[in-house]
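> Next one to model:
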Amino acid sequence: MVDIANRLVELCRKGEFETAQKELFSDEAISIEPYATPDFEKETHGLKGILEKGKKWGEMVEEAHGMDVSAPLLADSSFAVTMMMDVTMKGGQRMKMTELCIYHVKDGKIVSEQFLM
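Have a look, this model is predicted:
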């Protein structure tokens, strides 16, 4: 699992989120947001849906000013990182946000991700 955690961090630090998802996530993975919004459901099921959610997020971002991903904190079958993003959304709103990202691993693949603010 340490290899999966380190690879996810490596790819996220480069902004290669889609590569990380395609490489490391199970086809049946679940993505859980802190809450539902008009743009995103609270839960997204399946790798296809997670990839679509990532594309939608990318289309909403006008400019990325910075990002930082912490080293992973490991447990037996889970790991967590903090992720800070500084972005300007289309329409001009710049925001900095830090999330705690928790990943669960089973059979060598990430089966769920959960974001907490």
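
> Was I right to think residue 90 contacts residue 57?
No - counting by Cβ atoms under 8 Å, residue 90 stays clear of residue 57, with 11.3 Å between them. Heads up, the C-betas are built off the backbone N, CA and C, glycines and all.

> Neighbour count for the two, which is higher?
residue 57 (15 against 10; other Cβ atoms under 10 Å).

> so what does the strand or helix carrying that one touch, helix or strand wise?
Assigned by DSSP states H and E, residue 57 falls within helix 47-60. Applying 3 or more Cβ pairs under 8 Å, 6 or more residues apart in numbering; DSSP states H and E, one finds that helix 47-60 contacts helix 17-24, strand 25-32.

> List of residues touching the last one?
With contacts defined as Cβ atoms under 8 Å, 6 or more residues apart in numbering, strand 25-32 is touched by 21, 42-47, 49-50, 53, 106-107, 109-115.

> From the residues you listed, list the buried ones, please.
When neighbours are counted using 16 or more other Cβ atoms under 10 Å, the contacts of strand 25-32 contain these buried positions: 21, 44, 47, 50, 53, 109, 110, 111, 112, 113, 114.

> Find the pair from those with maximum spatial separation.
53 and 109 (17.9 Å; Cβ to Cβ).

> quick revisit: please export the C-alpha coordinates of the helix or strand that the helix holding residue 57 is followed by as CSV.
Later in the chain than helix 47-60, the nearest helix or strand by DSSP H and E is strand 61-69. Taking C-alpha atoms only, strand 61-69 is exported to CSV below (Å, rounded to 0.1, in the frame of the first residue of the first chain):
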residue,chain,number,x,y,z
VAL,A,61,-10.9,26.3,-13.1
GLU,A,62,-9.7,29.3,-14.9
GLU,A,63,-6.1,29.4,-13.4
ALA,A,64,-4.2,27.2,-11.0
HIS,A,65,-1.9,29.4,-8.8
GLY,A,66,-0.5,26.7,-6.6
MET,A,67,-0.9,23.3,-5.1
ASP,A,68,0.7,21.3,-2.3
VAL,A,69,0.2,17.7,-1.3
